[in-house]
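1. Can you look at this prediction? I've put the sequence above it.
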Amino acid sequence: MMNSIKKTIIAFLMALAPLTTFAQTNEVAHINVQQLISEMPEVIAAQNELAKLEKDYTTQIENAFKEFQTKAQNYSSDAANQTDVTNQARQKELESMQQNLQEFRESAAQELQKKQMDLMTPLLEKAREAINKVGKDQGFNYVIDSSPNGGVILANGKDLLEDVKKELGF
């Protein structure tokens, strides 16, 4: 679960932080965004909420699986005493239970992922806005994410795109 949160954070920041080449300047700062995010009280609360939800789903799935196993064992041990029609009906019931269990697993995983996005996206945006504000307020033209796979978060320096295109003749 935590790995998927970290991957989401990294993907989010990578999308927000296009890699840019810039001239050397004394107006460069850095921040470990992963550390910042992991220490935000709201993120910790969201992670606790997600962990509780994940535990609830896991408990429900485990209970449903135990019920399936018990029923399968009962049907198996009693199969010789039943008619073919009854055994076929029981087999269909077990197949239906198994399919329902698989569908619930998939639904729970999707719901958990949706809840994670709903909780984390505004918090990641809040962190990004705070980084930009502090960077600008302190006069930095560039703020670099020093987390593994980090990139440029704030780029207030001169953009050379148009000048380079002109140099290349287009």
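-> Perfect, thanks for sending it. Numbering: from 1, shown residues only.
2. CA only for contacts and neighbour counts going forward, please
-> OK.
3. Glu167: neighbouring residues, count only.
-> By the measure other Cα atoms under 10 Å, the count of residues near Glu167 is 9.
4. Helix or strand for it, just tell me which one.
-> Using DSSP states H and E, Glu167 sits within helix 161-168.
5. which of the residues in that helix are buried?
-> By neighbour count with 16 or more other Cα atoms under 10 Å, helix 161-168 contains no buried residues.
6. quick one: average pLDDT of that helix?
-> On average, the pLDDT along helix 161-168 is 84.
7. contact partners of that helix?
-> Outside helix 161-168, no residue is within contact range by Cα atoms under 8 Å, 6 or more residues apart in numbering.
8. Can I get it as CSV, trimmed to CA atoms?
-> C-alpha atoms of helix 161-168 as CSV (Å, rounded to 0.1, in the frame of the first residue of the first chain):
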residue,chain,number,x,y,z
LEU,A,161,13.0,27.7,-25.8
GLU,A,162,12.2,30.6,-28.1
ASP,A,163,15.9,31.7,-28.3
VAL,A,164,17.1,28.2,-29.1
LYS,A,165,14.3,27.7,-31.7
LYS,A,166,15.5,31.0,-33.3
GLU,A,167,19.1,29.8,-33.3
LEU,A,168,18.0,26.6,-35.0
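9. Packing partners of whichever strand or helix holds Ser96?
-> Per DSSP H and E, Ser96 falls inside helix 84-137. Helix 84-137 is packed against helix 2-16, helix 33-39, helix 41-78, strand 142-145, strand 152-155, with contacts defined by 3 or more Cα pairs under 8 Å, 6 or more residues apart in numbering; DSSP states H and E.
10. Report all helices and strands that the longest one contacts.
-> Packed against helix 41-78, as judged by 3+ Cα pairs under 8 Å, 6+ apart, are the following elements: helix 84-137.
11. Could you check the angle the helix it packs on makes with helix 41-78?
-> Counting by axes from the mean of the first three to the mean of the last three Cα atoms, to 10 degrees, helix 84-137 lies at 170 degrees to helix 41-78.
12. Quick check: mean pLDDT of helix 84-137?
-> Rounded mean pLDDT across helix 84-137 is 95.
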